[in-house]
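Student: after the sequence you'll find the predicted model.
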Amino acid sequence: MDLNFNKNEDYNKLQLSDLKRKLGAVKLGGGKKRLEKQHAQGKMTARERIDYLFDDGTDSIEIGAFAGDNMYEEHGGCPSGGVVVQIGYIHSKLCMVVANDATVKAGAWFPITGKKNLRAQEIAMENHIPIIYLVDSAGVYLPMQDEIFPDKEHFGRIFRNNAIMSSKGITQIAAVMGSCVAGGAYLPIMSDEALIVDKTGSIFLAGSYLVKAAIGEQIDNETLGGATTHCEISGVTDYKAKDDKDALNTIRGIVGKIGAAEKTGFNRISAAPPEKSSDELYGILPSSRTDPYDMLDIIERLVDNSEFDQYKEGYGQTILTGYARIDGWAVGIVANQRKVVKTKKGEMQFGGVIYSDSADKATRFIANCNQKKIPLLFLQDVTGFMVGSKSEHGGIIKDGAKMVNAVSNSVVPKFTIVVGNSYGAGNYAMCGKAYDPRLIVAWPSASLAVMSGNSAAKVLLQIEKASLEKRGESISAKKEAELFSKIKERYDNQISPYYAAARLWTDAIIDPKDTRKWVSMGIEAADHAPIERPFNLGVLQV
């Protein structure tokens, strides 16, 4: 290995170490004291409940661990959005689990909490997998109620989704393991089956204090909406559990008896590890987002036997397309090539840029995968589409539109890994969040924005200078450098993968070596959901 490889490896492993440190902090939820308080109440924590529910020794993946990261600081913060969302196996069945974290503002719903819950439901609906709610929440966070309550993508959409999933036959199970108040009380009752834990679980539209204020009735919360009330008087819940573990054992028993789902039939054979070591990913990926590298080296360390059958290998070389297997699953890969390439005409093409020929190739390949019922995997390291008079005259907008059209209308499951840059329209064409990937995750090396921090700072600085000049003011070289640095620092913060993950523009930031697990579990989940419409590109300018 050369010196550059070692430098890259050191840098990327430091990035990974930082990721693990941040994940460790997030997993403490509201902090050690609040975790201890949860235990003192005889309750397990959200993460302990999920761990107990999943089969021992099996893989799981977490959605939105960094949701809310560095947001709502004026309200005391909201680690993981106050809710833990994981996909894992219960009696060998792939399930989605949503668990309120009562150590974070008593499990209250911030705006990002609602967005994260909706994302969990979206994944369950898209893939037709069972979803389990472990409820322990004080309801909407009132100081921010205007940002969570009334809109289409707010709190009420949760219950609409409950109804839609029920109509589609997607199993929903809810366990009330703490507070479940006001509008939130509808969630467990709109699920197929509801459990409640004796003495710690409660469900009511209004608590005892509000009842007294509203109608003058004096009553305690347990009598008003405890386990005995709802299992023996109101009939609202179906099972009474003596404690958290009893409730979780009951859920495992219910899931264990669910009939087998129909399979879509995505192709899978026995899995094989990559022939080229995935440990080398850290040394191949440059520490600088502007340095070139061969994306083929990345692909060969992600796919079974390091075998990648390229499609149109010599044409449109700034995008790699081809067939491979990941953990036995057949996939079609669309990846940005980051090295500078030379065309047959002797022209040089910049790595990470989408040209007309590469957009044309990708469009055709995406259509082929849809015809063959092969899931698509996008590996993003893209700076955008090629600009300039030659590209514009050559119809780059038309060719880019064809690629976006194919991605938009694709009916096979799509999965997106943000390896490096994800800028501008390149994010869209390479199946960014707006294009409904079943899962979208980033490596610690990812950058998501309209353009790079350096380019954006230059543009914004030019605008600022022009504004000053119009007012007859000038700017010194020193002041210009200071202003550039200030703009770039602010922008660089916004292109961080943590900024994107906090807002759920991606589902997770992952160790590159975990990519195979995420893709494999994603396709396994997708194999539960039939393809409901034929592939059709609609009106397309060819």
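Tutor: Perfect, I can see it now.
Student: secondary structure element holding residue 52?
Tutor: helix 46-53 (DSSP states H and E).
Student: ends of stretch 227-238, how far apart?
Tutor: End-to-end span of stretch 227-238 (C-alpha to C-alpha, to the nearest Å): 10 Å.
Student: pLDDT on that stretch, on average?
Tutor: Mean per-residue pLDDT for stretch 227-238: 91.
Student: related to what we said a few turns ago, buried set for the helix holding residue 52?
Tutor: For helix 46-53, the neighbour count (16 or more other C-beta atoms under 10 Å) marks 46, 47, 48, 49, 50, 52, 53 as buried. Glycine gets a C-beta too; all of them are placed from N, C-alpha and C.
Student: tell me the first helix or strand C-terminal of that helix.
Tutor: That would be, after helix 46-53 and using DSSP H and E, strand 61-63.
Student: contacts for the helix holding residue 52?
Tutor: Helix 46-53 is contacted from outside by 27, 29, 44, 60, 83-84, 86, 88, 90, 97, 99-103, 132, 134, 136, 177, 244-245, 248, 251-252, using C-beta atoms under 8 Å, 6 or more residues apart in numbering.
Student: kindly recompute the last result at 6 Å.
Tutor: The contact list for helix 46-53 (C-beta atoms under 6 Å, 6 or more residues apart in numbering) reads 84, 86, 97, 99, 101, 134, 248.
Student: which ones among the residues you listed lie within strands?
Tutor: Among those, the members falling in strands (DSSP state E) are 84, 86, 97, 99, 134.
Student: what's the neighbour count on the third one?
Tutor: The reference is to residue 97. 24 (other C-beta atoms under 10 Å).
Student: surely it meets residue 133?
Tutor: No: between residue 97 and residue 133 there is no contact under C-beta atoms under 6 Å: 8.1 Å.
Student: quick one, what contacts residue 370?
Tutor: 410, 411, 412, 535.
Student: quick check: the second one vs residue 204, distance?
Tutor: The gap separating residue 411 from residue 204 is 44 Å, by C-beta to C-beta, to the nearest Å.
Student: comparing those two, which residue is more hemmed in?
Tutor: residue 204 (21 against 13).
Student: the more buried one contacts residue 225, correct?
Tutor: Yes: contact between residue 204 and residue 225 holds when scored by C-beta under 6 Å: they sit 3.5 Å apart.
Student: spit out the residues that contact those two alike.
Tutor: By C-beta under 6 Å, 6+ apart, no residue touches both residue 204 and residue 225.
Student: where exactly do the helices run in the stretch 251-400 of the chain?
Tutor: 281-284, 295-299, 356-372, 389-393, 396-409 (DSSP state H, counting those that start in this stretch).
Student: mean confidence for the longest one?
Tutor: Spelled out, it's helix 356-372. Mean predicted confidence for helix 356-372 is 96.
Student: between that helix and helix 396-409, how big is the angle?
Tutor: 20 degrees (axes from the mean of the first three to the mean of the last three C-alpha atoms, to 10 degrees).
Student: state the distance from the nearest residue to residue 532 once chain neighbours are set aside to residue 529.
Tutor: Excluding the flanking residues, the one nearest residue 532 by C-beta to C-beta, 6 or more residues apart in numbering is residue 411, at 7.8 Å. According to C-beta to C-beta, residue 411 and residue 529 sit 11 Å apart.
Student: and for residue 482?
Tutor: 54 Å.
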